[in-house]
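Peer 1: Quick one, what's the 3D model for this:
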Amino acid sequence: MPIPQLSNHLYLKKILFTVLLAVAAIAGNVLHLSLFFGVDLLFGSIAALLALVWLGRASGILVAAAGGAYTLLLWDHPYALLIFVAEAAVVGGQREWARRRGRPLLPLALADALYWLLIGIPLVILCYRVGLEMNWSQTLLVVFKQSLNGIFNAAIVSLFILFVALVRRPQGGMRISELHFSSLLFATLLPGLLISSWNSQRYGVEIESRLGERLQLFAQLTLQELDKYAANAHPELLDAEIKMLIQIYNSSLLKNADLQMYITTAQMPPPYPIDSVMRLHQAVPKDGVDSRNGTLS
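Peer 2: Residues are numbered from 1 along each chain as shown. Here you go, the predicted structure:
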């Protein structure tokens, strides 16, 4: 086979694998695991790091960009895309630098951890604290999640690459130190992530239940207020009362229906503004209304 034809074949093969891994990166981010409200564990960087190791730095950056593009839809901002592309570029650059100088490659999980420690975390703080104007509690939560997410994915890739190398060359040598490091890291992070995900799902069910109770209380408030003016049956009074109730609904109930994670030492989430309004009406039950749960009797 002529050398130019062989070169074209390898080039087309590289393009094909890059496209396949880009699709896998998008799928990995689409099939995300929700940890908290608006905080998701993504798996797209697994495909990006595989492209980095197997196909080179350029392919790794392209795959990371493809996977990160989905976060524009998921989170409505470009900062995660920037951070994921920087991860592939920096880790890939470190590996190329080591190869050119004939130095041993760092374990992939360690190289990724160094990226997050030296570049990734400061970049997240800059983007989320300054760019998105999040408070420090929210910013630190994102820092914690994204750095652990990236290192966890790198540990998965390291173990997968070692497994593939062992299957392809059973008699070949294996980097025992990298195997130990990646296995220990994976075993340390996996239980914590699974427990966090389970707790967040349980907490989400509780909050949905509380919001349902508040909707019932708002229905009770509406009935009481309308009953108060029903005897007069004056259209203007009824119209003013309905507008007032709509204002309470829009400013309080809908605002607090936007679920967010509160980082606090308290056992219960902060009270909702509408609660204080509804408690006043809970103390004065009306005929046919159970003031304890806001349902019709």
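
Peer 1: Give me the nearest residue to Val30, chain neighbours excluded.
Peer 2: Tyr70 (6.2 Å; C-beta to C-beta, 6 or more residues apart in numbering). For the C-beta atoms, the positions are set from N, CA and C on the backbone; glycine is no exception.

Peer 1: tell me the pLDDT at that neighbour?
Peer 2: Per-residue pLDDT puts Tyr70 at 92.

Peer 1: In the one helix or strand it maps to, which residues are buried?
Peer 2: Using DSSP states H and E, the element containing Tyr70 is helix 57-75. Buried residues in helix 57-75, defined by neighbour count with 16 or more other C-beta atoms under 10 Å: 57, 59-71, 75.

Peer 1: With stretch 75-85 instead?
Peer 2: Buried, per 16+ other C-beta under 10 Å, within stretch 75-85: 75, 79-85.

Peer 1: now for the helix or strand hosting Val157, which elements pack on it?
Peer 2: Secondary structure assignment for Val157, by DSSP H and E: helix 136-168. When contacts are defined as 3 or more C-beta pairs under 8 Å, 6 or more residues apart in numbering; DSSP states H and E, helix 136-168 sits against strand 39-41, helix 44-55, helix 79-100, helix 108-115, helix 121-124, helix 176-230.

Peer 1: could you give the mean pLDDT of the first one?
Peer 2: It refers to strand 39-41. 79.

Peer 1: Mind listing the strands it pairs with, and their directions?
Peer 2: According to DSSP bridges, strand 39-41 forms sheet pairs with strand 33-36 (antiparallel).

Peer 1: export the strand it pairs with as PDB, just CAs?
Peer 2: Output in PDB follows, covering the C-alpha atoms of strand 33-36 (Å, rounded to 0.1, in the frame of the first residue of the first chain):
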ATOM      1  CA  LEU A  33     -26.900  12.600  37.000                       C
ATOM      2  CA  SER A  34     -28.600  15.300  39.100                       C
ATOM      3  CA  LEU A  35     -26.900  15.800  42.500                       C
ATOM      4  CA  PHE A  36     -28.700  18.900  43.600                       C
END
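
Peer 1: Among the buried residues of helix 57-75, which pair sits farthest apart?
Peer 2: Arg57 and Trp75 (25.9 Å; C-beta to C-beta).

Peer 1: got the contact list for the residue nearest to Val30?
Peer 2: Counting by C-beta atoms under 8 Å, 6 or more residues apart in numbering, Tyr70 makes contact with 26, 29-30, 44.

Peer 1: so how far is Glu208 from it?
Peer 2: 26 Å (C-beta to C-beta, to the nearest Å).

Peer 1: One more: Gly44?
Peer 2: Taking C-beta to C-beta, one finds Gly44 at 28 Å from Glu208.

Peer 1: The two: who's more crowded?
Peer 2: Neighbour totals were compared for Gly44 and Glu208, and Gly44 leads with 29 against 12 (other C-beta atoms under 10 Å).

Peer 1: mind listing what the residue nearest to that one when sequence neighbours are not counted touches?
Peer 2: With sequence-adjacent residues excluded and distances taken as C-beta to C-beta, 6+ apart, Gly44 is closest to Gly67, at 3.1 Å. By C-beta under 8 Å, 6+ apart, the residues touching Gly67 are 22, 25-26, 28-29, 42, 44-45, 47-48, 84.

Peer 1: Could you list the low-pLDDT ranges of the stretch 101-250 of the chain?
Peer 2: 169-181, 196-197, 200, 204, 225-235, 237-238, 241, 245, 248-250 (pLDDT under 70).
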